[in-house]
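>>> Pasting a predicted model and its sequence here:
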Amino acid sequence: MKKVLNYINNNVLLKVASLNSVSVIVKIIAGFLTSKFMAIFIGAEGMALVGNLRNFVGSVQSISILGLYKGVVKYIAQHKKDTSQLSKILSTVFYLGFIATMLVSFIIYFKADYINDVIFKAYYNYSYVLKILALALPFYALNMLAFAIMNGFSKYKYLIIFNIFGQILGAVITILLIWKDKIDGALIAVAIAESILFLITLVGIINRQNLTPLIKASRFSLDVVKRLSSYSGMALFSAIILPFIAIYIRSYIIDNVGVEEAGYWEAMNRISKYYLMFVSTLLTLYILPRFAEIDNIKDFRKEVFNFYKTIIPIFGLGLLAIYLLRHIIVLVVLTEEFTPVEDLFLWQLLGDFVKVLSIVIAYQFLAKRMFWHYIVTEAFSVITLYYTSQYLIDEFGLVGANMAHFITYVLYYAIILLIFYSSLFGILPEKQDDN
């Protein structure tokens, strides 16, 4: 036990017990409040529609910035003292993002009716919400560029403070819109919430006016595009494919089980997202940068099994507590209307447990830029989820979607273990060489 506590104190809590932990807590509280208002004012049907729009918005937002965020942060941090390289990076990213964002906004605005039929079905008409999204999208792109610049310059304190105020502002606007316009308000909130954050991060841009002269069309660099391409490819693959698979599953539930049941599935996903946020924070703050530093198999193996020995048991106990308290959680976070969600907890929690086991190891793909390993394994999981969801929903109804979630991550975990088998379980040489 002493060893476990020392490990946590030395390696995790020092990173999490900061403003970032406050940001995560604020985000969870904001999420709980908005979920509660959705449950009260728009019900299960409205939550299903909001879920589809949320997934679509997530995809188009990633496309609008070409999945460049992490790559931009890395290269700004690497060249922040080299004015010439910094100018190339900022100029290339700005003009790439500008072109991509304008193109995506144009398509969404003028194809709003068609997109509406895809994500809402023809019997719902929310084309005007999609047009609002198209107009708001450029501000989201500017916001993410500002975030990437602050992150790259290690302005973590400002970044986290802006995040905290952004979460509060977004929650207030969402709650007011839901209270005033019910489903329409909730959908408008999804369309504009991320873009409104630009009003706050604009302060960060003003404080770094000295960077504006560095953005010039003449400094656009194909070499920078090439260096950013692997980060962009990995980010875009997940950001585009996974949300559309979620839209497909939700639409399949609507067509074959019912729209309220699709709302129950969305509610379960929202609850899952909140408790997984704690683990994802640990992975982002500790595992990813640690894997990026490690240059040998021995240390990689040590970090994986240390995480398994210390964090996973706590996470498992937390999931057990959530399962036992599922009735109270549903009533507190949602309403009595959502009591059928309780039947979804078992398979969702089992799937999330295996998901965390697998992504701890899979973060090595990102840390070491293992592009094709990442793409192939993600494609495998997406295809598995697609077919198992369809089959199991037909066989078992709504709970089949959550069963598919569990089966997908069991198979994904098996693939990850096969890929890293020698690194995790193979015999280490007496003298460890670099990878």
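Received it, and whenever you're ready, just let me know what you need.
>>> contacts and neighbour counts: CA atoms only from here.
Will do.
>>> Report the mean confidence score over the longest helix seen in the chain.
Ranked by number of residues, the top helix in the chain under DSSP state H is helix 156-196. Model confidence over helix 156-196, given as mean pLDDT, is 86.
>>> What of stretch 274-286?
77.
>>> List the buried residues for it?
When burial is assessed from 16 or more other CA atoms under 10 Å, stretch 274-286 yields the following buried residues: 274-276, 278-283, 285-286.
>>> Identify those among those residues that sit within helices.
Assigned to helices by DSSP H, the following of these qualify: 274-276, 278-282.
>>> Out of the residues you listed, the closest to residue 419 would be?
For residue 419, the closest of those turns out to be residue 280, at 22.2 Å, with distances computed as CA to CA.
>>> Relative to residue 352, how far out is the closest one?
Residue 280 sits 12 Å away from residue 352, taking CA to CA, to the nearest Å as the criterion.
>>> repeat for residue 141
The span separating residue 141 from residue 352 equals 31 Å under the rule CA to CA.
>>> Comparing those two, which residue is more hemmed in?
The residue with more neighbours, out of residue 141 and residue 352, is residue 141; 25 against 20, by other CA atoms under 10 Å.
>>> Name the nearest residue to the more buried one, ignoring sequence neighbours.
Take residue 141 and drop its neighbours on the chain: the residue closest to it by CA to CA, 6 or more residues apart in numbering is residue 65, 6.0 Å away.
>>> list the contacts for the one you found?
96-97, 100-101, 141, 144 (CA atoms under 8 Å, 6 or more residues apart in numbering).
>>> Neighbours of residue 201, how many?
Summarising burial for residue 201: neighbours were counted as other CA under 10 Å, giving 25.
>>> Secondary structure element holding it?
Per DSSP states H and E: residue 201 is located in helix 198-206.
>>> So which elements touch the host helix or strand of residue 359?
For residue 359, the host element (DSSP H and E) is helix 345-367. Helix 345-367 sits against helix 259-282, helix 288-293, helix 297-324, helix 371-396, helix 399-419, with contacts defined as 3 or more CA pairs under 8 Å, 6 or more residues apart in numbering; DSSP states H and E.
>>> thinking again about what came up before, reformat the buried residues of stretch 274-286 into a markdown table and put distance to residue 247 next to each item.
Formatted as a markdown table, those follow (distance: CA to CA, whole Å):
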| residue | distance to residue 247 |
| --- | --- |
| 274 | 20 |
| 275 | 22 |
| 276 | 21 |
| 278 | 25 |
| 279 | 25 |
| 280 | 23 |
| 281 | 26 |
| 282 | 28 |
| 283 | 27 |
| 285 | 30 |
| 286 | 32 |
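>>> Identify, from those, the entry nearest to residue 370.
Residue 370 has its nearest neighbour among these in residue 283, at 17.6 Å by CA to CA.
>>> my guess is that closest one meets residue 360, correct?
Yes - with the criterion set as CA atoms under 8 Å, residue 283 and residue 360 qualify as a contacting pair; they are 7.1 Å apart.
>>> Report how many residues lie close to residue 190.
21.
>>> tell me which element the closest residue to it other than its chain neighbours is part of?
The shortest distance from residue 190 to any non-neighbouring residue, by CA to CA, 6+ apart, is to residue 54 (6.2 Å). Here residue 54 is covered by helix 43-64, with elements defined by DSSP H and E.
>>> which residues are in contact with that helix?
With contact meaning CA under 8 Å, 6+ apart, helix 43-64 is reached by 38-39, 97, 100-102, 104, 119-120, 133, 137, 140-141, 183, 186-187, 190-191, 235-236, 239-240, 243-244, 246-247, 250, 259-267, 337-338.
>>> what's the answer for stretch 85-104, then?
Contacts of stretch 85-104 from elsewhere in the structure, counted by CA under 8 Å, 6+ apart, are 60, 63-66, 68, 72, 75-76, 79-80, 134, 137-138, 141, 145, 214-217, 219-221, 224-225.
>>> again, only using 6 Å
Contacts made with stretch 85-104 from outside it, assessed by CA atoms under 6 Å, 6 or more residues apart in numbering, are listed as 64-65, 79, 214-216, 219-221.
>>> Now tabulate those in JSON lines and tack on pLDDT.
Output for these, formatted as JSON lines (pLDDT from 0 to 100):
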{"residue": "64", "pLDDT": "86"}
{"residue": "65", "pLDDT": "83"}
{"residue": "79", "pLDDT": "72"}
{"residue": "214", "pLDDT": "70"}
{"residue": "215", "pLDDT": "72"}
{"residue": "216", "pLDDT": "73"}
{"residue": "219", "pLDDT": "75"}
{"residue": "220", "pLDDT": "79"}
{"residue": "221", "pLDDT": "77"}
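>>> Out of those, name the ones that lie in helices.
Mapping these onto helices (DSSP H) picks out 64, 79.
>>> Farthest pair within the contacts of stretch 85-104?
Looking at the contacts of stretch 85-104 by CA to CA, the two members farthest from one another are 64 and 79, with 24.3 Å of separation.
>>> Please compare the two by neighbour count and tell me which comes out ahead.
Between residue 64 and residue 79, counting by other CA under 10 Å, residue 64 is the more crowded of the two (23 against 16).
>>> so how far is residue 240 from that one?
11 Å.
>>> Next: residue 48.
19 Å.
>>> So those two - more neighbours on which side?
More neighbours sit around residue 48 than around the other of residue 48 and residue 240, counting by other CA under 10 Å; the figures are 27 against 19.
>>> For that one, which non-adjacent residue is closest in space?
With sequence-adjacent residues excluded and distances taken as CA to CA, 6+ apart, residue 48 is closest to residue 263, at 4.1 Å.
>>> So what's the residue count around that neighbour?
By other CA under 10 Å, the residues close to residue 263 number 26.
>>> what does residue 222 give?
By other CA under 10 Å, the burial measure for residue 222, its neighbour count, is 11.
>>> mind checking pLDDT for it?
81.
>>> who are the neighbours in contact with it?
In this structure, residue 222 makes contact with no residue, judged by CA under 6 Å, 6+ apart.
>>> any idea how far it is from residue 214?
With distances defined as CA to CA, the gap from residue 222 to residue 214 amounts to 17 Å.
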